[in-house]
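Participant: got a predicted structure plus its sequence, pasted below:
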Amino acid sequence: MKRLFLLGACAAMMAACTKVDNGNQLQLLDGTWTITELAGAKFSDETVAQLQIEVGEMRFAGNAGCNSMNGDMTAGDQANNELSFEVKASTRMMCPEMDNDAIFQDAINKVASFSVDTTGVLPLATLVDKDGNVLLKLQYLRKNGVDEWSIKGTWKVKSVNGEAVDKTETTPEFFFDLENNLFGGNTGCNSMGGSIELSDATMKFTNPYVTEMLCDEHSMDIENKIAGVLTKVAMWSVENAELHLLDEEGNVLVELIRE
């Protein structure tokens, strides 16, 4: 099976595909969040309530199921995750969920700090007042149109073409650096990497490479299988906390689990 090499890019790509530091917690809030709880009350599945946070501009926009609001954010002591919101403008539509608008505006204006839990498949955020009372609970939805928290980071290879991957010289894994549109990892023997094109459902690896170190026969066999599917990947999905890389027909090429 033909293997893919782009040796000139190896050094740069291997450096880029190490785990990245998320920086301060405020950066973790950047993106669009679903509001799951407001002032102690949970939203029904039928209510679309969201909060969009733009950390770079220190702006926000959101709604609690009816009118949209937007305004400015101010960061305080980063060590204590201090953050405040100020509503600057709001639409004035009439709708059944209007009561939530006043509760939302009151809650967002009382926010004094936040926390983000990234231990699950999708991050959860909590916004609290100066006394630590919970005002809003949020679940991450997407950033720039892509639900990147479902895929970013390091994943171990569970199977390739339906065959389970067992012990190799090194752990076969994929790493996705979506901020730089890169992927990397290990085939069980050599390092691999390249560029990635991603949307909500599609995925394409471009200019993939695999380094050329020799390993034992079994590890090399696993490597050839992984290298052989890189250019066939066309779609992706997350099911039961597993990341599936699929071909154009929807067949599962690679099953991955969180490292």
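Facilitator: Yep, it's here. Note that this is a predicted model, so its numbers are computed, not measured.
Participant: am I right that residue 120 is in a strand?
Facilitator: No - counting by DSSP: H, G, I helix; E, B strand; the rest coil, residue 120 is not part of a strand but coil.
Participant: if I look at it, how far off is residue 258?
Facilitator: According to Cβ to Cβ, to the nearest Å, residue 120 stands 10 Å off from residue 258. In short, each C-beta sits where N, CA and C put it, glycine included.
Participant: residue contacts, residue 55?
Facilitator: Residues counted as contacts of residue 55 (Cβ atoms under 8 Å, 6 or more residues apart in numbering) are 26, 27, 29, 30, 73.
Participant: point out where the stretch 1-150 of the chain drops to low pLDDT.
Facilitator: For the stretch 1-150 of the chain, residues meeting the criterion pLDDT under 70 lie at 1-24, 44-47, 96-97, 121, 142-149.
Participant: what about the strands in it?
Facilitator: Ranges of strands within the stretch 1-150 of the chain are 31-38, 41-42, 50-54, 59-63, 68-75, 83-90, 113-117, 124-128, 134-142, based on DSSP state E, counting those that start in this stretch.
Participant: using PDB, write out every CA atom in stretch 194-210.
Facilitator: Only the C-alpha atoms of stretch 194-210 are listed here, as PDB (Å, rounded to 0.1, in the frame of the first residue of the first chain):
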ATOM      1  CA  GLY A 194      -0.600  17.400   7.700                       C
ATOM      2  CA  SER A 195      -3.400  20.000   7.200                       C
ATOM      3  CA  ILE A 196      -7.100  19.500   7.900                       C
ATOM      4  CA  GLU A 197     -10.200  20.900   6.300                       C
ATOM      5  CA  LEU A 198     -13.200  20.700   8.600                       C
ATOM      6  CA  SER A 199     -16.900  21.600   8.700                       C
ATOM      7  CA  ASP A 200     -19.700  20.500  10.900                       C
ATOM      8  CA  ALA A 201     -19.800  17.100   9.100                       C
ATOM      9  CA  THR A 202     -17.000  16.900   6.600                       C
ATOM     10  CA  MET A 203     -13.300  16.300   7.100                       C
ATOM     11  CA  LYS A 204     -10.400  16.200   4.700                       C
ATOM     12  CA  PHE A 205      -6.700  15.600   5.400                       C
ATOM     13  CA  THR A 206      -4.400  17.400   3.000                       C
ATOM     14  CA  ASN A 207      -0.700  17.000   2.400                       C
ATOM     15  CA  PRO A 208      -0.400  14.100   4.900                       C
ATOM     16  CA  TYR A 209       3.000  12.800   5.800                       C
ATOM     17  CA  VAL A 210       4.400   9.800   7.700                       C
END
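Participant: which positions within it qualify as buried?
Facilitator: 194, 195, 196, 198, 203, 205, 208, 209, 210 (16 or more other Cβ atoms under 10 Å).
Participant: for stretch 216-234, list every residue counted as buried.
Facilitator: Buried-residue list, stretch 216-234, by 16+ other Cβ under 10 Å: 219-220, 222-230, 233-234.
Participant: follow-up on the earlier one: of the strands of the stretch 1-150 of the chain, which is nearest residue 179?
Facilitator: strand 31-38 (12.2 Å; Cβ to Cβ).
Participant: ok, and the most crowded of the contacts of residue 55?
Facilitator: Ranked by the number of neighbours (other Cβ atoms under 10 Å), the contacts of residue 55 place residue 29 first, at 22 neighbours.
Participant: contacts only, for that residue.
Facilitator: 53, 55, 83, 114, 116, 125.
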